[in-house]
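Q: Provide a 3D model corresponding to the input given below.
(4 chains)
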Protein chains: 2
Amino acid sequence: MVKYAELDLVFQALCDPTRRALVEQLTLGPASVSELAAPLPMSLPAVHQHLKVLERSALVRSEKVGRVRTCRLELTMLDTVQDWIDARRATWERRLGRLDTYLAALPPETPASINQEKEQV
Amino acid sequence: MVKYAELDLVFQALCDPTRRALVEQLTLGPASVSELAAPLPMSLPAVHQHLKVLERSALVRSEKVGRVRTCRLELTMLDTVQDWIDARRATWERRLGRLDTYLAALPPETPASINQEKEQV
DNA sequence: CGCATACTTAACCATGTGCTTAACTATGTG
DNA sequence: CACATAGTTAAGCACATGGTTAAGTATGCG
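A: Residues are numbered from 1 along each chain as shown, chains lettered A, B, ... in the order given. Now for the predicted structure:
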């Protein structure tokens, strides 16, 4: 049920501001390696390595034509991230739902103990 | 406009499977450090360090009462992640929208050149 | 007080990450 | 062919990460 090893790679890819900048640039459309590197304050090999991390995470796909490599964004992996977040939120909300019914079923004579009971559900 | 330095910490916190497991556990409700550590195949100090990473990212908040530290999940940061993802998707969709209107405005006599023109928008 | 419990801190170690510069490999162009 | 262009690879370096064990600090209980 939990084969979320790919999430390691996606989250790790996105935890670096340079790589998020690359992703943001690629949402505007495909670009070559040097086009992507141009605005960034680092060497071309550095950008190349960041792109490898992004490709490893499947956030970016690329193909080389002639001597130019064109990189494109792959949104599928952002869906995977969103699915994980949604699943956590779902569990969280379900817990709060059970909490409400539990509190509603309580005798209303113990208002002072609510804060303690609340978190034990 | 882009003060997303917090995203570094959140994505970095979530890129480790142990820490995601901790987050998943905490969606079920608050827990102490040893409760969180019990099912994990590592020492207590290791878990303690993971929790520090999660707290640094603001995904987890904790308070110590007596000698027990109780950890709770903080969903706000998941919203921040989701906002970033939504923003990327929005740019992406807007680009595809422009692409559609551009293609619709094209003279229909050049079907073979579509694949080339497509990505230059 | 004496001892267990629940962390917490410190020191250490192996690997991984994010750069750098230098050198190498195509691939177009005049 | 000569030369520029666009990547790519390799080596090295500083620092971060994820674990370990050992020792230290409160706190609660009999």
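
Q: please enumerate the strands of chain A.
A: For chain A, the strands defined by DSSP state E occupy A:31-32, A:60-65, A:68-73.

Q: tell me the centre residue of chain A?
A: A:Val81 (4.3 Å; CA atoms, centre = their mean).

Q: how about that residue: what's its closest non-neighbour residue?
A: With sequence-adjacent residues excluded and distances taken as CB to CB, 6 or more residues apart in numbering or on different chains, A:Val81 is closest to A:Val10, at 5.7 Å. For the C-beta atoms, the positions are set from N, CA and C on the backbone; glycine is no exception.

Q: and the one you found, how far is that from DNA strand C?
A: Counting by CB to the nearest atom of the strand, to the nearest Å, the gap from A:Val10 to DNA strand C is 12 Å.

Q: ok, how many other residues are close to A:His50?
A: Counted by other CB atoms under 10 Å in any protein chain shown, the residues lying close to A:His50 total 21.

Q: who's A:Ala31 bridged to?
A: Beta bridges link A:Ala31 to A:Cys71 when assigned by DSSP bridges.

Q: so who does it touch?
A: Applying CB atoms under 8 Å, 6 or more residues apart in numbering or on different chains, we find A:Ala31 in contact with A:Gln25, A:Thr70, A:Cys71.

Q: low-scoring stretches of chain A, by residue?
A: A:1-3, A:106-121 (pLDDT under 70).

Q: quick check: phi and psi at the residue in chain A positioned nearest to DNA strand C.
A: Residue nearest to DNA strand C within chain A: A:Gly66 (2.1 Å; CB to the nearest atom of the strand). Main-chain dihedrals, A:Gly66, degrees, to the nearest 10: phi 60, psi -130.

Q: for it, give its distance to DNA strand D.
A: Using CB to the nearest atom of the strand, one obtains 8 Å as the distance from A:Gly66 to DNA strand D.
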